[in-house]
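Asker: take this sequence and fold it.
(2 chains)
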Amino acid sequence: MVNQEISTLFEAVADALEFKGENRFRVNAYRRGARAVADLAEDVTVLVAEKRLTDVPGIGKGLAGDIDEYLSRGKMTAHEKAMEGVPRTLMELRAIGGLGPRRLALFHEKLGVTDLASLERALADGTLAALPGLGDRMAGNLREGVALYLRSRERMPVAEAVALARGVLAALGEKADVGKAAFAGSFRRGRETCGDLDLLVPARRNGAAIVEAFTALPGVERVLAAGETKGSVLFEGGRQVDLRVVAPECLGAALCYFTGSKEHNVRLREIAKKRGLKVNEYGVWKGEKRVAARTEEEVYAALELPWIPPEMRENRGEIEAAREGRLPEVVGTRDIRADLHVHTAWSDGKASVLEMVKAAAARGLKTVAITDHSAAATYAHGLTYARWKEQKKEIDAARKAVPGIRVLHGMEVDITADGGIDLPIEAQGKLDWIIASVHSGFRNRVTERMVKAMENPYVDAVAHPTGRLIGKRVGYEGQDLEAVIEKAAATGTCLELNAAPERLDLSAENARRAAEKGVTITLNTDSHTVAMLENLEWGVKTARRAWLTRAAILNTRPPTRIKRKRDR
DNA sequence: GCCGTTTTCGGCCCGACTGTTTTCAGTCG
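Answerer: Numbers count the residues shown, from 1 in each chain, chains lettered A, B, ... in the order given. So this is what the prediction gives:
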C-alpha cells in the first residue's frame, strides 16, 4: 500500500530535520503526519481523488502537497531536501540507546562519524569522550548501547511478554510488598508485541527500597536507571522492564499516563491545556490544585471525556469518538459465552472431552464446540469420519455429565490442495459445527482455496485466516485477504479471531476491516489444554483494539442463537 | 508544519533520570 511508503518518507523527513536541529514542532508535524497516513483505513489515493486529504487530522496544506507530489511523480521534494547532507547510515544509529539526534549531529560534525564503524572508532580512540558535555561514563554507556544494538532483538511477542510479566511479578513479590502492582504500557493495551514492560507499584513510602529490590531481581543483566520512584532494567536476552512506584491516591493518573499510547497521552494533555488544566502522572491539575487522580474514570471525567478502554488508546480516532459520545461499547471478557474451537486428546489436545467441557462450563461459557483435527492432519492424529462417530459417545456422555452448557460436536477440517474440505460429503451435514483451516500448502494458492472452501454451505468458519505466527511467520504466501473477507461476507462464513497469543489471527486491524465489511467474527481460544482456555483474554483485548462490539462477535450469543451457516 | 468554543498568528505535552555540570542539555517514554 502506498500509505506505508509515504509514512516511511515522512518519518525519514522528521528524523533528518531533527538531526539538523530544525524547529521541533515542524519535526513533530512530520511525525504526526507519518502516523496519520499509516493509520488511514483507506488508500491515500482515494482521499486525494476525493479531495479529502486535509480532512485528516495532522495533514495540512504542506503535507497534502507532499503526498500529491509523491503520487504524481514518485518523488518528494521535501524528503530530498531534508536528506541533503544526512548520511543514511548515520540515521540508522538512532536505534542505539542513549544516542539521540543532538549527539548524533555533534559526533557527525566534530568527529566525522557517518556510520557504526566510525562511531566505534571514536569510542575506542577516546576522541568522543573528550567532546564538551561528554565524558568517560557517557562513552562507556554508549559502548554498551552499541553492544546491545548489535544483538538487539525485535519487540517481544506478547506470548513471551506474558511469561516475563508473570515471572517478574512473582519474583518481586518475594522481596517487596507489591500487593496491587499492575502492568501498564502496550502490554495492558493488548498490543501483539511489546517493546518493554511497564510495572506500576502503588506504595506510600519506601520507593527507593522497592526500586532496589527490583534492580536486584535474578536474571537482571543491566540496570539502566535506579532512582527514588523509577527503576529500569534489562533482563537476559535484552528484555527491558521499567518499574514506577506511585502513591496509591494517584494510581488512576499513573495508570493513564503509563498505559499510553504516547500519542493518546499527548492528545489528553493538549485537551487539558485548552481547558486551563495540566495532566501528568500525578493527576489532573488546576493551578496548584489536584482535581483528579485516584481512578482513571476521574481523570478522563476531569477532561470531560468518558473512560476509554486501554486497548483503544492509540489516538486512532477514539478521542474524537469519546468527545462526540460515539465511543463504541467494545466487547468484554464477560460478554463471551462460547468457545467454538477446542481440541481434545482425540487429536492433538491434552485433555479429554469431559475435562474440556467441564473447564469451559466452569469458566461460565454456555456453548463449547469440540473441534478436533480432520484426518489429513496426520501429525495431529486427525479424526476420520469413523473416529468422529466414535467420539460422539464421549460427547454425549459429557453433555449428560455437565448441565448448563451446550456442546457442539464439530471438527476443524483441513482445506485441501484443491480447495475442498477434508471430510466426506455425506458427513458434512452431520456435524454441528465445521471450521476450515489451511494447515499445509502455505504457498499454494491459499486465497483461491479458502474462497472455494467458503462456498461450501457446511463450512461455518475459517480458522486463523492469515496463518501468521507473531514474530515467526508472516502468514500464507501471497494471500489476498480482501478477497477472503469479501467472500466471507457474501457467504455468511465467519472469520476467526484466534486468541492464542502467538497467533492473534485475525489481527486487530484485519478484524476491524472484516467487521466493517459485514463479516461475523468468531473469537476462539483454539485450546489444546484446559489452561489454554485462559487465552480468551488476549483475544478479547485484540477484539477491543479492533473496536468490536458484542454484535460483531458470534460468541457473545446465547446457545439458541449460534447456528450453522446453512440454518441462518 | 498544523491548527483555532480564546486565535489566521503564535502557540505547539510533561517529567524522571543521567552525566555533565554549578544550572542544564540530552534522552526516553
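
Asker: and A:Phe25, what does it touch?
Answerer: Residues counted as contacts of A:Phe25 (Cβ atoms under 8 Å, 6 or more residues apart in numbering): none. The way it works is simple: take the backbone N, C-alpha and C, and place the C-beta from them, glycine included.

Asker: look up how far A:Ala14 lies from it.
Answerer: 11 Å (Cβ to Cβ, to the nearest Å).

Asker: just give me the neighbour total for A:Asp15.
Answerer: Residues lying near A:Asp15 (other Cβ atoms under 10 Å) number 23.

Asker: one more: A:Gly85?
Answerer: The tally of other residues near A:Gly85 (other Cβ under 10 Å) stands at 9.

Asker: for it, helix, strand, or coil?
Answerer: Classification of A:Gly85 using DSSP: H, G, I helix; E, B strand; the rest coil returns coil.

Asker: local confidence estimate at it?
Answerer: As predicted, A:Gly85 sits at a pLDDT of 86.

Asker: likewise for A:Gly62?
Answerer: Among the per-residue scores, A:Gly62 holds a pLDDT of 91.

Asker: what does A:Lys472 give?
Answerer: Per-residue pLDDT puts A:Lys472 at 66.

Asker: A:Asp125 and A:Ala360, how far apart?
Answerer: A:Asp125 sits at a distance of 65 Å from A:Ala360 (criterion: Cβ to Cβ).

Asker: do A:Val402 as well
Answerer: Distance of A:Val402 to A:Ala360, computed by Cβ to Cβ: 8 Å.

Asker: and these two? Which one has more around it.
Answerer: Neighbour totals were compared for A:Val402 and A:Ala360, and A:Ala360 leads with 26 against 18 (other Cβ under 10 Å).

Asker: report the contact partners of that one.
Answerer: Each residue near A:Ala360 by Cβ under 8 Å, 6+ apart is listed here: A:339, A:342, A:368, A:405, A:533.

Asker: tell me the SS of it?
Answerer: Three-state assignment for A:Ala360 (three-state DSSP): helix.

Asker: again with A:Asp414
Answerer: What three-state DSSP gives for A:Asp414 is strand.

Asker: that one: how many residues sit nearby?
Answerer: Neighbour count for A:Asp414, taken as other Cβ under 10 Å: 24.

Asker: in the helix or strand hosting A:Leu268, which residues are buried?
Answerer: Using DSSP states H and E, A:Leu268 sits in helix A:262-274. For helix A:262-274, the neighbour count (16 or more other Cβ atoms under 10 Å) marks A:263-265, A:267-269, A:271-272 as buried.

Asker: repeat that for stretch A:551-568.
Answerer: For stretch A:551-568, burial by neighbour count (16+ other Cβ under 10 Å) applies to A:552-557, A:559, A:562, A:564-565.

Asker: nearest to DNA strand B among those residues?
Answerer: When the buried residues of stretch A:551-568 are compared for distance to DNA strand B (Cβ to the nearest atom of the strand), A:Ala552 comes out closest, at 29.9 Å.

Asker: tell me the pLDDT of the nearest residue to the closest one once chain neighbours are set aside.
Answerer: Distance criterion Cβ to Cβ, 6 or more residues apart in numbering; nearest residue to A:Ala552, sequence neighbours excluded, is A:Ala515 at 4.5 Å. Looking at A:Ala515, its pLDDT stands at 96.

Asker: just A:Leu234 next, same as before
Answerer: For A:Leu234, the predicted pLDDT is 86.

Asker: quickly find the element holding the nearest residue in space to it that is not next to it in sequence.
Answerer: Spatial nearest neighbour of A:Leu234, excluding adjacent residues (Cβ to Cβ, 6+ apart): A:Arg222 at 4.4 Å. Following DSSP H and E, one finds A:Arg222 within strand A:220-226.

Asker: contact partners for the residue positioned nearest the centre of chain A?
Answerer: When Cα atoms, centre = their mean is applied to chain A, the residue found nearest the centroid is A:Arg191 (2.2 Å). Listed by Cβ under 8 Å, 6+ apart, the contact set of A:Arg191 reads A:158, A:545.

Asker: what does the pLDDT read for it?
Answerer: Looking at A:Arg191, its pLDDT stands at 92.

Asker: so which bits of stretch A:97-110 are buried?
Answerer: A:97, A:99, A:101, A:103-108.

Asker: around DNA strand B, pick out the residues from the stretch 101-250 of chain A.
Answerer: Residues of the stretch 101-250 of chain A found near DNA strand B (Cβ under 7 Å from any atom of the strand) are A:101-104, A:129, A:132-139, A:141, A:185, A:195-196, A:198, A:225-230, A:240, A:242.

Asker: how close does A:Gly252 get to A:Val158?
Answerer: Distance of A:Gly252 to A:Val158, computed by Cβ to Cβ: 25 Å.
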